[in-house]
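Peer 1: Need a 3D model of the following:
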Amino acid sequence: MRLGTVRSPLLRLRLGDLQEGMPMLAEAKYAAPEAFSEIESRRKLFAMNWLELPDRKLVALCLERNEDAWVELLRRYHRVIAGVAAKTILPKIRPTASLIQDLVHDCLVRICANDFRPLRQLEWRHEGALRGLLQITASTAAQDYVRKLRSVKRDLSKEVSLEEPGLVLPAQEKFADSSEQNIFLGQLARCLEKVIKSEADCTRDVAMFLLYYGCRITAADLSRINSVSVKDVENILARLGRLARSHCV
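Peer 2: Predicted structure coming up:
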């Protein structure tokens, strides 16, 4: 079996993106005679009672790149990993299903890094060793995400200018007509939604972006519509402009 997409009701993870695959049992029919004992032992795994398998033995099978073992690990600990990730980011970011799944995937990528080094070096001092490793890794992944997001965000207390040349849109003369410019603006808006999708004010901020650059609604009018100060509107628009220029253009 190759480590392809794990079809688990809990999570679909492309383990093939993390590590090289392992031989399929079907492919082993051309193997040397000494390999058949290993094949037979692998076949017995299909009758294994996964629910009673200790974590340590489960990890040993995962390190052998056994797909069923990985499915069982995800069945046991997907909810734990997702819960820790959500709790870690909750005070700062509104968690969404897609964001939590991304963080779960990041956690799994980390434990599979360097040929599963975290799992290989895990010290089994108690029965909860694997759970502890996954909780720490999930928390670290979530904290790193929050720090990365903060580094991208601009400090709204700082004054910025919306008159910076080429902040978002190229000069009007570069477009054949207004419809072409509107198409480009729509593409920027969709890109920005993906960039800031985890933020609580994502919908409002992108709407202001479209109204300001597409409909030429003034910052003063937008401040009245959204009940925020003009300065905050200008800072939000300038930040989105820079994000559009760095991520979407």
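Peer 1: make it CA atoms for all contacts and neighbour counts henceforth
Peer 2: Fine.
Peer 1: all helices of the protein, in order?
Peer 2: Taking DSSP state H, the helices of the chain run over residues 36-44, 55-63, 67-89, 97-120, 129-152, 178-195, 202-214, 219-226, 230-247.
Peer 1: domain parsing for the protein?
Peer 2: 15-152, 172-247 (automatic domain parsing).
Peer 1: same question for the longest one, mean pLDDT?
Peer 2: To tie it back to what came earlier, the one meant is domain 15-152. When pLDDT is averaged over domain 15-152, the result is 79.
Peer 1: go on, the shortest one?
Peer 2: The predicted model assigns domain 172-247 a mean pLDDT of 82.
Peer 1: how far does stretch 192-204 stretch from start to finish?
Peer 2: End-to-end span of stretch 192-204 (Cα to Cα, to the nearest Å): 12 Å.
Peer 1: ok, residues contacting that stretch?
Peer 2: Identification of contacts with stretch 192-204 by Cα atoms under 8 Å, 6 or more residues apart in numbering yields 93-96, 99, 206, 240, 243-244, 247-248.
Peer 1: With mean neighbour count added, can I get the helices of the chain in CSV?
Peer 2: Formatted as CSV, these follow (neighbours: other Cα atoms under 10 Å):
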stretch, mean neighbour count
helix 36-44, 12
helix 55-63, 17
helix 67-89, 19
helix 97-120, 18
helix 129-152, 17
helix 178-195, 16
helix 202-214, 17
helix 219-226, 15
helix 230-247, 20
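Peer 1: Surely Ile77 touches Leu130?
Peer 2: I think there's a mix-up here, since residue 77 is Tyr and not Ile. No: with contact defined as Cα atoms under 8 Å, Tyr77 does not reach Leu130; the gap is 9.3 Å.
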